[in-house]
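In: Sequence below, structure please.
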Amino acid sequence: MSASSSVQADWRAEIAALPPWLRRPIGNASQLATVQRVIKQRQIHTICEEGRCPNRGECYANRTATFMLLGATCTRACAFCQVNKGQAPDQVDPEEPRKVAEAVALLGLRYVVLTAVARDDLADGGAAQFVATMTAIRDRQPQTQIEVLTPDFWSGKDAARQQRQRIASVVAAQPACYNHNLETVARLQGPVRRGAQYERSLAVLRQVKTLDPTIPTKSGLMLGHGETEAEIITTLRDLRAVGCDRLTLGQYLRPSLAHRPVVKYWTPAEFEHLGAIARSLGFRHVRSGPLVRSSYHAGEADSV
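Out: Model prediction:
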């Protein structure tokens, strides 16, 4: 057997070994095709497609989508993420805010999440593109709610000061929710989130609340990297200590054999248990389940 055939066989075996609760239909093919066509025609990106999100059919049906700004190449190399990585990312498209706003209007989206690849090469880390896209959407579709899921904006010679300025500019644009994911517990930050730091990410959420306490903040963990329940609970307490209001807990699914392997598949019952703990700690909106992702049912939180 050739090396490539062996890798394909190993990958098929890993997929076949997935627990039954992690298998679900992709959704309505026509809804997927409609969104994919609009995205492709405008040469923009969604994390739903780039990350092969298992919930994208359901979210599209509920008129929710997550657009990925600043191109399709990330300047960091997180071990769990399927997005392309490299130190020569795409040029920033000045027409991207308009194109995203057009897509939002054409698809009739009621709730939009704006995320982005990390762009440590940019002078402002990409903060201005978030603001410009929010403005463009509101100009065209003022009733659409906009959540942001930002990188940590940490880069440059004076990184701490610049981070504060970048976050402040996005907060001033008044998103419906400000999301920044911790992704994993403190012990596993290094191997899982290369280039990121636990305390630095907590500082993002703390600063948002300091700047504007009325904006809900949100974070998420992808379980399955080898964390313990005790470590998860400690992380949840750390998030509450910086005023984080909303939480998502989901199962990490290995995108390919080149990515970090799954250490554990947490069961639906364990996710339900962890969700109950999160609610007891004071999170106002919690989504906890194997297939939950950062933007899953994001718009429903505003009615809670």
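
In: Only C-alpha atoms from now on, for both contacts and neighbour counts.
Out: Fine.

In: Can you list the residue ranges for helices in the protein?
Out: In the chain, helices defined by DSSP state H lie at 3-16, 29-42, 47-50, 56-61, 96-107, 127-140, 159-172, 189-192, 198-211, 229-241, 268-280, listed in chain order.

In: Out of those helices, which is closest to Thr217?
Out: Each of the helices of the chain was scored for nearness to Thr217 using Cα to Cα, and the closest is helix 198-211 (6.6 Å).

In: relative to helix 159-172, how tilted is that closest one?
Out: If you take axes from the mean of the first three to the mean of the last three Cα atoms, to 10 degrees, helix 198-211 sits at 40 degrees to helix 159-172.

In: buried residues in helix 198-211?
Out: 198, 200-209 (16 or more other Cα atoms under 10 Å).

In: Now render the residues you listed as JSON lines, adding distance to Gly282.
Out: Shown next, in JSON lines, are the buried residues of helix 198-211 (distance: Cα to Cα, whole Å):
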{"residue": "Tyr198", "distance to Gly282": "21"}
{"residue": "Arg200", "distance to Gly282": "22"}
{"residue": "Ser201", "distance to Gly282": "20"}
{"residue": "Leu202", "distance to Gly282": "17"}
{"residue": "Ala203", "distance to Gly282": "19"}
{"residue": "Val204", "distance to Gly282": "20"}
{"residue": "Leu205", "distance to Gly282": "16"}
{"residue": "Arg206", "distance to Gly282": "16"}
{"residue": "Gln207", "distance to Gly282": "19"}
{"residue": "Val208", "distance to Gly282": "18"}
{"residue": "Lys209", "distance to Gly282": "16"}
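
In: now, among the residues you listed, which is nearest to Asn179?
Out: Nearest to Asn179 out of the buried residues of helix 198-211 is Leu205 (Cα to Cα; 7.9 Å).

In: Now do the contacts for that closest one.
Out: Each residue near Leu205 by Cα atoms under 8 Å, 6 or more residues apart in numbering is listed here: 178-180, 217-218, 242-244.

In: Out of those residues, grab the one that's most surrounded.
Out: Taking other Cα atoms under 10 Å as the neighbour criterion, Asn179 ranks highest of the contacts of Leu205 with 29 neighbours.

In: need the contact list for that one.
Out: Taking Cα under 8 Å, 6+ apart, we find Asn179 in contact with 147-150, 205, 217-219.

In: So which of the helices of the chain is nearest Val83?
Out: Counting by Cα to Cα, Val83 lies closest to helix 47-50 out of these; the figure is 6.1 Å.

In: re the thing from before, and of the contacts of Asn179, the nearest to Arg119?
Out: The nearest member of the contacts of Asn179 to Arg119, counting by Cα to Cα, is Thr150 at 10.8 Å.

In: Report how many residues lie close to the closest one.
Out: By other Cα under 10 Å, the residues close to Thr150 number 24.

In: Would you confirm that it contacts Ala116?
Out: Yes - assessed by Cα atoms under 8 Å, Thr150 is found in contact with Ala116 at 6.4 Å.

In: that older thread, out of the helices of the chain, flag the one nearest Ser294.
Out: helix 47-50 (10.4 Å).
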